[in-house]
Structure formats: C-alpha cells, structure tokens
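J.: Make a model of this:
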Amino acid sequence: MGNEYFTGKVCVITGAGSGIGRALAENLARRGAKLALSDIDTEGLAETVARCEQFGAEVRSDRLNVAEREAVLLYADEVHKHFGVVHQVYNNAGIGYHGDVIRSEFKDIERIMDVDFWGVVNGTKAFLPYLIESGAGHVVNVSSLFGLIAIPGQSAYNSAKFAVRGFTESLREEMLIGKEPVKVTCVHPGGIKTAVARNATYAAGINGKSAAAQFDKYLAIHTPEMAAQTITEGVRKGHGRVLIGWEAKLLDALVRVTGSGYQRLVAFTSRRVLP
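T.: From the prediction side, this is the model:
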C-alpha cells in the first residue's frame, strides 16, 4: 500500500550492510525502488544486495565511509551518473560509543561526531543538488531517541544525534521557505534490535560486553523491519519527524512536559538501575 511514492524512485541508503539500513533496503526493494546501497562493511553489504535482488530490485553497491567527505561527494556524482537521477537519500550510517565526559578522550568524541553527524551532513550536502534537480526529492536523516533526550554516558552520541536533529529541522525549514521540491524527514528510533551496541566502542574502565548485553536484553525492543516500515510510511506521508517505538514517544512527551526537569529524573533513575 502506498508503493507509488517509491516505485521506480532511486533511493540512496548509507549503512545498508545491517540493521535498519538493511531493513530499509529490503522494504524499498519490495516497493519497487531502485537502490544505491553503501556501507563500510562489504560482507554485510553484499548480503543486503543479494536479498534486495531477490525482489527484482536494480541495485548499485559501494564501500563508503561517510566520514570521508571527498569520497561521499564523488559517490553522489557517480550514483547520479549511474541512474541519471536521485530521488531519496537515507542518511542512516552510524556508530555507537559509551563513556562519561571526564573519561572520554577527545578523539573518541570526534570519531562519533565525524560519522554520526558529519556523515549525515556530507550525505545531505552531496546529494541535495541532485534531489532538487529531480523535482521530487526527499532527505531522510536518522537521528535517535538520544536526539530527543540526553542520557548519562552518552554525551558524544547525544551530541551527534541532537546535532542531526537540529541540522535536519533547519534544512526542512529552508526547503519550505525556498519552495524547493524536497521533503525532509528526521527519524528518531527507540530501542531497535541492531548490532550498534555490540559494535560500539567504550571508554576505559567500562565493560563493553556487559553494557551491550544489557542493551540487547532490556532496551532492544523492536525489529529493524518494524523500524523500516515505520520510516517508509512516515516518508510516504511526508512527516517531518518520525518516532519509532512507544518508548520514543513516551520519552519525547516526558521532555516536552518537564523541560530540563527530566535530567534530574534520569540521573535519579540511573543511580539505581545502571551498573
């Protein structure tokens, strides 16, 4: 239902080798889209490509590090040359990191910002002229629940995801003011069953395996397929913000109601729950 928004459209997805990126690729393949898929994980990407081709999708795949700006700019040109047009870009690639501010090295924070924020900026800037040219463009930037609410130990990740939110919401306003033919959507997933926590890096003194296990056990609530379906439906309807999961909606409401008061509540809860 609603496949007409995607059928025949050229859709670019970063971080397509696993998780939400893979689920998005399969969802869009079933809807009749043409796909430009990228990831730094070539093995995972190859599996995604194979799955999408089973649905009859035309797929181009490339290894891409979204933090490498010149590579992303070149990639956008190559994708446009390959398909002749680009309609939708899903800036989904991201990595995780856990560490208190005082224990985090500058390089750890910079790495998260380079991938999770600048990767989104790079993808948006590289493809935006082509999206405008298409006459029916759509930018979809994946932020996080942690782009709505701050969590202790996630200062770097919070910084990147809050920045993605601000960048994307500002871009949407600019497209509306300029009456450009580009819709803009910011996505805030809650607890999704992906490998982000298991593949995350950690500050010294933190048991990464234990932290990842706790995330998988208590916080990974929803499937990537559910997330992809929620995203594509939100995109089809032209929503500016897409919240994935009841917990994302609940915590978004908490922040709206309490303002900065939620921070004391989070700190209180964390002292009693977190190891």
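J.: Can you name the residues in contact with the helix or strand containing residue 22?
T.: For residue 22, the host element (DSSP states H and E) is helix 19-30. Contacts to helix 19-30, defined as CB atoms under 8 Å, 6 or more residues apart in numbering, come from residues 6, 11, 13-16, 35, 37, 39, 44, 47-48, 51-53, 55-57, 59, 90, 92-93, 142, 189, 192, 194-196, 223-225, 227-229, 231-232. Every C-beta, even on glycine, is put in place using the N, C-alpha and C of the backbone.
J.: Tell me which entries of those lie within helices.
T.: 44, 47-48, 51-53, 196, 224-225, 227-229, 231-232 (DSSP state H).
J.: So among those, where is pLDDT lowest?
T.: Lowest in pLDDT among the ones in helices among the contacts of helix 19-30 is residue 196, which has 62.
J.: Would you mark the buried spots in stretch 174-189?
T.: 175, 180, 182-189 (16 or more other CB atoms under 10 Å).
J.: And the furthest pair within these?
T.: 180 and 189 (26.6 Å; CB to CB).
J.: which among the ones in helices among the contacts of helix 19-30 gets closest to residue 133?
T.: Closest to residue 133, out of all of those and judged by CB to CB, is residue 232, at 22.9 Å.
J.: Quick one: residues contacting the closest one.
T.: 6, 24, 27-28, 31.
J.: Only whichever of the contacts of helix 19-30 are buried, select them in ChimeraX.
T.: Selecting only the buried entries of the contacts of helix 19-30 in ChimeraX, with 16+ other CB under 10 Å as the criterion:
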select :6,11,13,14,15,16,35,37,39,44,48,51,52,55,57,59,90,92,93,142,189,192,194,196,224,225,227,228,231,232
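J.: Any chance of the buried residues of stretch 174-189 in a markdown table with pLDDT, secondary structure and distance to residue 149 as columns?
T.: Listed next are these as a markdown table, based on pLDDT from 0 to 100; DSSP: H, G, I helix; E, B strand; the rest coil; distance: CB to CB, whole Å:
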| residue | pLDDT | secondary structure | distance to residue 149 |
| --- | --- | --- | --- |
| 175 | 98 | helix | 26 |
| 180 | 98 | coil | 31 |
| 182 | 98 | strand | 28 |
| 183 | 98 | strand | 26 |
| 184 | 98 | strand | 22 |
| 185 | 98 | strand | 20 |
| 186 | 98 | strand | 15 |
| 187 | 98 | strand | 15 |
| 188 | 97 | strand | 10 |
| 189 | 95 | strand | 13 |
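J.: Next, format the residues you listed as TSV and append distance to residue 270.
T.: Formatted as TSV, the buried residues of stretch 174-189 follow (distance: CB to CB, whole Å):
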residue	distance to residue 270
175	38
180	42
182	40
183	37
184	33
185	31
186	26
187	25
188	20
189	21
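J.: Can you name the helix or strand that residue 174 falls in?
T.: Going by DSSP H and E, residue 174 is part of helix 155-177.
J.: Just say helix, strand or coil for residue 32.
T.: For residue 32, the assignment made with DSSP: H, G, I helix; E, B strand; the rest coil gives coil.
J.: was I right about it contacting residue 8?
T.: Yes. With contact defined as CB atoms under 8 Å, residue 32 reaches residue 8; the gap is 6.3 Å.
J.: Which one's more surrounded, these two?
T.: Neighbours were counted for residue 32 and for residue 8 using other CB atoms under 10 Å; residue 32 has more, 16 against 13.
J.: And the strands in the stretch 1-150 of the chain, which stretches?
T.: Using DSSP state E, counting those that start in this stretch, the strands of the stretch 1-150 of the chain run over 10-13, 34-39, 59-63, 88-91, 97-98, 137-142.
J.: nearest to residue 110, of those?
T.: Going by CB to CB, the one of the strands of the stretch 1-150 of the chain nearest residue 110 is strand 97-98, 10.6 Å.
J.: partner strands of the closest one, parallel or antiparallel?
T.: strand 201-202 (parallel) (DSSP bridges).
J.: list the contacts for residue 35?
T.: 10-13, 16, 25, 28-29, 52, 57-60.
J.: out of these, which one sits closest to residue 238?
T.: residue 11 (15.7 Å).
J.: Number of residues surrounding residue 2?
T.: 12.
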